[in-house]
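*Asks:* Model the structure of this input:
(chains A and B)
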Amino acid sequence: MSSEQTVYIVDDEEPVRKALSFLAKSDGLASETFATGQAFLDSLERLGPGCLLLDVCMPDMTGLELQAELQKCTSEVPVIMLTGHADVATAVRAMKGGAVDFIEKPFDSDDLLARVHKCLNREAKNRESSEYRKQALEKLSKLTRREKEIMQGLVAGKRNKQIGEELFISFRTVELHRASIMVKLEAGSLSDVVRIALLVDKAA
Amino acid sequence: MINEKQSAVTSNTLHLNAIEEERVSSDSKDTAVLGCVILLNVDIKVRNVLLKGNIDYIEFNEVESSQQVFTRLVQVKNKIDAIVIGVAIKEPVSIAQRIQSVNKECPVLIMSEPEKHIQLQQALLFTPFLSSDVSTWSTDALDQLNNILRDTIQRKQKKQNYKKTIAAAQRRLRDVSHIRPQVKHYLDRLLDHAPIGVLNVDIQGSILGLNRFAVQILNRTERETIGVSLIDIFPASGREALRDLIAQCVAPARHRVPEVFDISETVGKVRIVEVMASSLVDNSGQLGATVILQDVTARVSAERERDQVEEALRSSESLYRELVQTMSEALALTDEKHCITYVNDSFCNMFGYTSEEVIGKELLSFVHDDYSAAMRECMMKPELGSGVHRYETAWVTSKGKKVYTLTSPKRLFDPELGYVGCLGVFTDITERKKIEGREKKHMMELAHVSRVTTLGEMSSQIAHELAQPLAAIAALSTGSLKMLKAETSDPDEIIESLTSISQQSNRAREVVRRLRNFVRNDEMRYEKIDLNQLVRTVIHLIELEARWHSLPVSLEMQGSLPSTSGDRILIEQVVLNLVHNAIEAMQTVAKPLRKLIIRTSSKDDTTLQVEIIDSGPGISEDEIKKIFQPFYTTKPEGMGMGLAITRSIIVAHQGILSATNNEQGGANFCFTLPVEKEEGTSEL
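*Replies:* Below you'll find the model as predicted:
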């Protein structure tokens, strides 16, 4: 799972970039370094999954500015902020801007690696869950309007008879639709249906 | 014989006339003719002698009879210079008598035969009415005749001239009596205009007459003075002396001395006269005195003034002596060998010696060892001491205490002898030095506080500056360890990362060293400073802050800048403060417009200049007056001491700190420092 992920490093100082890259390598992580925020943005499209180690204090484009740019183009790459001086204002801005972590330089290397791994795991999970959601949406899109109404009833925990009364249809009809939903959503049980519905709900 | 004579006379008369005419013309021609001689019946022998020896152009007229001689004498009077009577003439003596009765001055030479010569000579001696000009000459001494005749003519002419002179003098003497009244008038006028007063007084002192100047001197009219006693006109104090003076005139041949009287009291104006008296005898033989008054008011008052000036000089001299003796500054005079010849009381008090203990000793022997070399150099300087050069000196008192003075030497030169010594004035500045030292310490402390404060404000940047290398070190060391543990390592990679670790730790150490130096709290230390180098050092400290604020810093350094001297840390602090302020000021400005220039230059031969030019909002008119005051600040967290301390540091280095606004916006902070002096003399 980790093998396909890359650690992206943006820092204006070469020794720091090199050191971080070396550290990642020693832990078996692939890495790619960028001297400026703009260089990272420019290559954003071709980059695979991974996480971003971003230095806050840089000339031209600061870490926070780069973060804002990433939000604009709905990049999902998780950001770990690195900063030489931790002032509260910067930390708050970074976290509000969606950073997953905020690490002060000088850092404990093992701690840094642990956080990077944690971040990458989460990224992988997020990437997975978003895959499910995509499939669920696809499945849901196959449902008719009536089937969607009935599914909502089911998710809400209502019985067939109760759903039929609310929709002014017969109890049998509800059962037929229900069978059809199960087929379309490829669900083996009612709990599968509920899980798919919740995934989509969260995405919405 | 008579016939012969007759013819001769005729021809001679003609000749005479010719000679007469010739003489008139020769007069006009100014030919020197010695004289005119009549020859009466002179025999041929004598005549030849005379004509042959006539080298003196004597004019000879020959006549036959004595009657002709008398006629000629009457006709031409004094033009006949001599008459020679021949041997043949009878009764020559009576003829000579007649000649002399017509013209007394005319010399007569009677020729005689040798045997009759003595007899005739005696006859002449006893003949009445004959002057010594009548003489006789023997015919046996004809060779001398010419000389005798010439002498006779010359004597006669001399006598005649003398008589003419006397006659002229007598004529003039006759005239004198005619002009006497006129002379008296002139004398009176002369007296009237003479710048002295002349009075005639009788023996009692009553004025008989006086000239105009005397009237002026006595300051009253002539009418008021004639007949009045001069003694009464003089003030009472001088009367006795004046009376004596006049009385002295009666006794003659006494040495008379003029006396001076102040008669201001009685004449009604400031007047001082010198009085001289001499005896006077008038026509009646009555004794009196001529008194001469000379107005010496101006002279005496000038003398009095001079006396006053001299007195004033004497008193001012004693005043100065007093002043020198009692002045608070110590004073010493030295001779050409720098040995003390004089000291005042303050010198003794200041250094705790008596004047006997120091006089004759070398001045330098009282100077503290640290200063004696420098002072010796100052004293030995060969150039003429023009202007006052002051320097600091430390002395050792009799009790071993160190006393600081400000020394003002005045080197004394004699036009002939050259350097003759030195006058030194020493002001005790020990107390001032102490205060200065305290002030300097205060400033140093304040500066230190300010530096620490500035660093506090910069702490986040400094933290970052240290964090970067530490972060790199942490990452590299952990990475290396992991690789070594995993035994998958490439040795080259490990070496590379260890090298990098070493570099980064150096970098961190450099930051720490710089900071420690900067916050060091030391005594003020003067050293040679290369301003360009110093600015670069500060830029290292500030680099990160500048980068943080996206500020391009451009350095415009003048190459080969002369060095200055001062405390390196303090000057660094000044530059840092100003740059720090400039960066803060530009935070409100859009990033592309931010620009910081640090410029060094030499303003002139003696002054260096550093400018810190920003593109911030500049300083308002109001602020520009206040920014250097303590506790004035525009920053919410600021102490307001930064610029005040910055300025006091610059002032302590004999520089000037000023702030202006740039034409194209932004502020310009500029400070100057003096170029390091060649001799490296210590600052006061």
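*Asks:* going forward, measure contacts and count neighbours with C-alpha atoms only.
*Replies:* Noted.
*Asks:* what mean pLDDT does the helix or strand containing residue B:76 have?
*Replies:* If you go by DSSP states H and E, residue B:76 is part of helix B:66-76. Helix B:66-76 comes out with an average pLDDT of 82.
*Asks:* Identify each buried residue in it, please.
*Replies:* If you call a residue buried by 16 or more other C-alpha atoms under 10 Å in any protein chain shown, then helix B:66-76 has these buried ones: B:66, B:69-70, B:73.
*Asks:* for stretch B:342-354, same thing?
*Replies:* B:342-348, B:350-352.
*Asks:* Which parts of chain A are strands?
*Replies:* For chain A, the strands defined by DSSP state E cover A:6-10, A:30-34, A:50-55, A:79-83, A:101-104.
*Asks:* Show me the one of those strands that comes nearest chain B.
*Replies:* With distances scored as C-alpha to the nearest C-alpha, the stretch of the strands of chain A nearest to chain B is strand A:79-83 (7.7 Å).
*Asks:* Low-confidence stretches in chain B?
*Replies:* Applying pLDDT under 70 to chain B flags the ranges B:1-32, B:56, B:77-78, B:250-256, B:282-286, B:380-388, B:544-545, B:548, B:636-641, B:678-684.
*Asks:* mind giving me the domain split of it?
*Replies:* Split into domains by automatic domain parsing, chain B comes to B:2-167, B:191-295, B:327-426, B:440-674.
*Asks:* The most centrally placed residue in chain A and chain B, how far apart?
*Replies:* For chain A, residue A:126 is the residue whose C-alpha lies nearest the centre (C-alpha atoms, centre = their mean; 4.0 Å). Look at residue A:126 and chain B: by C-alpha to the nearest C-alpha, to the nearest Å, they are 28 Å apart.
*Asks:* which residues sit in contact with residue 197?
*Replies:* If you meant another chain, say so; for now it's chain A. Contacts for residue A:197 were tallied using C-alpha atoms under 8 Å, 6 or more residues apart in numbering or on different chains; they are A:136, A:155.
*Asks:* should've been chain B
*Replies:* Applying C-alpha under 8 Å, 6+ apart, the residues near residue B:197 are B:210-215, B:217, B:291-294.
*Asks:* Check residue A:187 too.
*Replies:* Residue A:187 neighbours (C-alpha under 8 Å, 6+ apart): residue A:193.
*Asks:* one step back: out of the contacts of residue B:197, list just those in strands.
*Replies:* B:210, B:291-294.
*Asks:* For the residue in chain A sticking out farthest from the centre, which non-adjacent residue is closest in space?
*Replies:* Most distant from the centre of chain A: residue A:170, at 42.4 Å, with distances by C-alpha atoms, centre = their mean. Spatial nearest neighbour of residue A:170, chain neighbours left out: residue A:164 (5.4 Å); criterion: C-alpha to C-alpha, 6 or more residues apart in numbering or on different chains.
*Asks:* Could you give the number of residues near that neighbour?
*Replies:* Residues near residue A:164, counting by other C-alpha atoms under 10 Å in any protein chain shown, number 19.
*Asks:* how many other residues sit next to residue B:486?
*Replies:* Residue B:486 has 11 neighbours, counted by other C-alpha under 10 Å.
*Asks:* Contact residues of the stretch 451-600 of chain B facing chain A?
*Replies:* B:460-461, B:463-465, B:467-476, B:478-480, B:482-483, B:497, B:500, B:504, B:547-550 (C-alpha under 8 Å from any C-alpha of the partner chain).
*Asks:* Are any of those residues buried, and if so which?
*Replies:* B:460-461, B:463-465, B:467-476, B:478-480, B:482-483, B:497, B:500, B:504, B:547-550.
*Asks:* Please work out which residues outside the strand or helix carrying residue B:670 touch it.
*Replies:* Taking DSSP H and E as the criterion, residue B:670 maps to strand B:667-674. Residues from elsewhere that reach strand B:667-674, judged by C-alpha under 8 Å, 6+ apart: B:564-565, B:578, B:582, B:606-619, B:650, B:653-662.
*Asks:* For residue A:158, find the nearest of the domains of chain B.
*Replies:* domain B:440-674 (57.4 Å; C-alpha to C-alpha).
*Asks:* Can you get me the start-to-end distance on the closest one?
*Replies:* Taking C-alpha to C-alpha, to the nearest Å, domain B:440-674 runs 19 Å from one end to the other.
*Asks:* Same check on stretch B:215-222?
*Replies:* So stretch B:215-222: terminal residues 6 Å apart, C-alpha to C-alpha.
*Asks:* Same list (the ones in strands among the contacts of residue B:197) but as CSV, adding neighbour count and distance to chain A.
*Replies:* Below are the ones in strands among the contacts of residue B:197 laid out as CSV (neighbours: other C-alpha atoms under 10 Å in any protein chain shown; distance: C-alpha to the nearest C-alpha, whole Å):
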residue, neighbour count, distance to chain A
B:210, 21, 119
B:291, 25, 118
B:292, 20, 115
B:293, 25, 112
B:294, 20, 108
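*Asks:* could I get those residues as JSON lines with distance to residue A:190?
*Replies:* Below are the ones in strands among the contacts of residue B:197 laid out as JSON lines (distance: C-alpha to C-alpha, whole Å):
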{"residue": "B:210", "distance to residue A:190": "169"}
{"residue": "B:291", "distance to residue A:190": "169"}
{"residue": "B:292", "distance to residue A:190": "166"}
{"residue": "B:293", "distance to residue A:190": "162"}
{"residue": "B:294", "distance to residue A:190": "159"}
